[in-house]
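A.B. asks: Need the 3D shape of this:
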Amino acid sequence: MNRSAYYHYFLACIVLGLWCFFALSACSPKNEESQQSESKPAEQTEASAETTTSAETTASAETIAAADTTASADTTAAADTTAAADTTAAADTTAPAEANDVQPADGSLEQLKRDAEANPGDASRITRYFEALLDNGRPADARQFYRTLSYEMRALPQVRTLFYRTFELDDQFPKEAQTVSGKDIDDISPLGGGTTLTFKFIKDGNKIGAFKPHQKRRNSNYRSEIASWRLCEMLQCDFRIPRNRMVRVEKKEFNRLYNLSKSSNRESYRKGFDDLIWTVLSHSSYVYGTLKDWVPDFTSFPIEFVDMWRNWVGQANYMDSFPELKDALAPIKKHDNIRSYYDALMAQAADLTTKELASQISQMLTFDYLIGNWDRFSILINQRGRNCQFKDGHLVSIDNGASFVKVDMKYIVVRFNYIERFNRRFVEEIRMLDKEETFRILFPSQSKLDRSNFSEFWDRRTQVLERIDALCAEYGEDKVLSL
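C.D. replies: This next block holds a predicted model:
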């Protein structure tokens, strides 16, 4: 081969080498880019840089620098992302704690309650909370809230309307009798101890209530028992009447449950069953009556001992301050037949004051006048306190069957006239009663007899208010309404 041929061969090799170099350089970025897309950028870029040729060291160094910059940026971004995630997680962790914290939104019951309590003279806030309680099925709580209101708020027509609605919405004041059977009680036993037929309802060995049925015997008007309790709830008395509700028992079921009684008086008491009044409905006979909550462990208050408490409620020897209860009740210890009452009364008095007891006596005897109850005082010395019970700092009126009937008021008037000092709030509630609403609540059956008995009651209400107004005119309102 001559020199010219070698020269051309050498040029061809150079051209071929340059072509291969540029071809390889063009392919190299694609492989790098592909690896970076399949693995973590910073780590893979550094590994790739270590395997490059010395000719690519400068470019690789620049790539590593870029990779480090990217990695730093990625790390910062990752840190920001982590921080954001941590912040979100912290926010998420905090959220439930805030939800569990009692921070109700506007319009919630708690917020409405706070608004009403903070603004006791704001009628709109008062009625909003009252309505919310009723809307949430809490009529008893609504009545308790009503008790905290001033006279000005209680006298508002919209508040009076809401107050009456509490009875309509409360299932403790049913309009119809509830049927009692063996599903509700285990047996029926005689209670006895009085002139009327009265029974105990027993469940799981415990007395759950006293049942006074419809009967021929006097002083046994079961509807009067129910109406008396309801009226006391309306007037929000400071003395107590156990809850009364109308129930009925089917005749065969009544006899079956009575036969399960283990009472030793079971057969002798059965002799009085001819006095029970049965109502026939759909080929079955029922005895209706009132079921009153059982009051355990009460003691007796000798209300017949008038000389002990008359000065507490009178004007002749007006008391600005009252003695301590232990001293005020001390005269009981001087009488043999009631001496034992003293320790029992003091044991149940709790923090009751003499003035508070005076207020309860005043309310109870005023209440007796309203309902025409002549059976409060016993004429037998050894039975004093029999119809005036006492438990946990409150007088208790368990038996109100001799009320809401036409009766000679002679003795009731004498007892009411002992009272010349009254509880202001109690009088306000009597004065604010609406006639038709009161009739509807006391006597849901609204029979002609109910209407007649209610009419007598309403006349006595007028007489009570007239006498109180006369006493206020004579002695001054502050002295008369001072309990």
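
A.B. asks: host element of the residue nearest the centre of the chain?
C.D. replies: The chain has Asp141 as the residue nearest its centroid, 4.6 Å off, counting by C-alpha atoms, centre = their mean. Assessed by DSSP states H and E, Asp141 sits inside helix 139-147.

A.B. asks: Flag every buried residue along that helix.
C.D. replies: For helix 139-147, the neighbour count (16 or more other C-beta atoms under 10 Å) marks Pro139, Ala142, Arg143, Phe145, Tyr146 as buried. Every residue, glycine included, has its C-beta placed from N, CA and C.

A.B. asks: Please report how far the residue nearest to the residue nearest to the centre of the chain when sequence neighbours are not counted lies from Thr353.
C.D. replies: Leaving aside its chain neighbours, Asp141 sits nearest to Leu133 (5.4 Å; criterion: C-beta to C-beta, 6 or more residues apart in numbering). In this view, Leu133 and Thr353 are 31 Å apart by C-beta to C-beta, to the nearest Å.

A.B. asks: So this structure: which segments form each domain?
C.D. replies: 1-36, 39-101, 109-169, 178-293, 299-480 (automatic domain parsing).

A.B. asks: which stretch in the ones you listed is the model least sure about?
C.D. replies: Looking over those, mean pLDDT reaches its minimum on domain 39-101, with a mean of 37.

A.B. asks: hmm, back to that, can you report phi and psi for the residue nearest to Asp141?
C.D. replies: Note on Leu133: backbone dihedrals following degrees, to the nearest 10 are phi -60, psi -40.

A.B. asks: longest strand of the chain?
C.D. replies: Criterion DSSP state E: the longest strand present in the chain is strand 284-293.

A.B. asks: Which helix or strand lies directly C-terminal to that one?
C.D. replies: Using DSSP H and E, the helix or strand that directly follows strand 284-293 along the chain is strand 299-300.

A.B. asks: helices or strands next to the next helix or strand along the chain from that next one in the packing?
C.D. replies: With elements assigned by DSSP H and E, the helix or strand that comes after strand 299-300 is helix 306-309. Judged by 3 or more C-beta pairs under 8 Å, 6 or more residues apart in numbering; DSSP states H and E, helix 306-309 is in contact with helix 354-371.

A.B. asks: outside of the helix or strand following the helix it packs on, which residues touch it?
C.D. replies: Next helix or strand after helix 354-371 toward the C-terminus (DSSP H and E): strand 389-391. Outside strand 389-391, the residues that touch it by C-beta atoms under 8 Å, 6 or more residues apart in numbering are 240, 295, 297-301, 345, 348, 395-398.

A.B. asks: ok, and the most crowded of the residues you listed?
C.D. replies: Highest neighbour count within the contacts of strand 389-391, by other C-beta atoms under 10 Å: Phe301, with 29 neighbours.

A.B. asks: Excluding sequence neighbours, find me the nearest residue to it.
C.D. replies: Going by C-beta to C-beta, 6+ apart, Phe301 has Phe390 as its nearest residue, at 4.2 Å.

A.B. asks: hang on, the earlier thing: tabulate the CA atom coordinates of the helix or strand just after the helix holding Asp141 in CSV.
C.D. replies: Downstream of helix 139-147, the first helix or strand assigned by DSSP H and E is helix 151-154. The C-alpha trace of helix 151-154 is given here as CSV (Å, rounded to 0.1, in the frame of the first residue of the first chain):
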residue,chain,number,x,y,z
TYR,A,151,-92.2,36.4,89.0
GLU,A,152,-92.0,38.9,86.0
MET,A,153,-90.7,36.1,83.7
ARG,A,154,-93.1,33.4,85.0
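
A.B. asks: List the contacts of Phe426.
C.D. replies: Counting by C-beta under 8 Å, 6+ apart, the residues that Phe426 touches are Leu235, Gln236, Cys237, Asp238, Ser359, Ser362, Gln363, Thr366.

A.B. asks: Could you work out the most separated pair of those?
C.D. replies: Gln236 and Ser362 (14.6 Å; C-beta to C-beta).

A.B. asks: Show me which of those two is the more surrounded one.
C.D. replies: When Gln236 and Ser362 are compared for neighbours, Ser362 comes out ahead with 26 against 15, by other C-beta under 10 Å.

A.B. asks: thinking the more buried one is in contact with Val313, fair?
C.D. replies: Yes: judged on C-beta atoms under 8 Å, Ser362 makes contact with Val313 at a distance of 5.0 Å.

A.B. asks: Between these two, which contacts overlap?
C.D. replies: Ile419, Arg421, Leu483.

A.B. asks: which phi and psi does Trp374 have?
C.D. replies: Here is the backbone geometry of Trp374 (degrees, to the nearest 10): phi -90, psi 0.

A.B. asks: isn't it right up against Ile412?
C.D. replies: Yes: counting by C-beta under 8 Å, Trp374 does reach Ile412; the two are 5.3 Å apart.

A.B. asks: Between those two, which has more neighbouring residues?
C.D. replies: Ile412 (23 against 18).

A.B. asks: Go ahead and confirm that one touches Leu370.
C.D. replies: No: using C-beta under 8 Å, Ile412 is not in contact with Leu370; the gap is 9.8 Å.

A.B. asks: so how far is the helix or strand encompassing Glu168 off the chain centroid?
C.D. replies: Using DSSP H and E, Glu168 sits in helix 157-169. Here the centre of helix 157-169 is set off from its chain's centre by 16 Å, with C-alpha atoms, centre = their mean, to the nearest Å.

A.B. asks: so what secondary structure elements neighbour it?
C.D. replies: Applying 3+ C-beta pairs under 8 Å, 6+ apart, we find helix 157-169 packed against helix 123-135, helix 139-147, helix 151-154, helix 222-235, helix 435-442.

A.B. asks: residues in contact with the residue nearest to Lys216 when sequence neighbours are not counted?
C.D. replies: Spatial nearest neighbour of Lys216, excluding adjacent residues (C-beta to C-beta, 6+ apart): Asp275 at 4.5 Å. Asp275 makes contact with Leu197, Gln215, Lys216, Arg217, according to C-beta under 8 Å, 6+ apart.

A.B. asks: Give the closest residue to the last one in space, chain neighbours not counted.
C.D. replies: For Arg217, ignoring the flanking residues on the chain, the nearest one in space by C-beta to C-beta, 6+ apart is Thr196 at 5.1 Å.

A.B. asks: With that, I have no additional questions.
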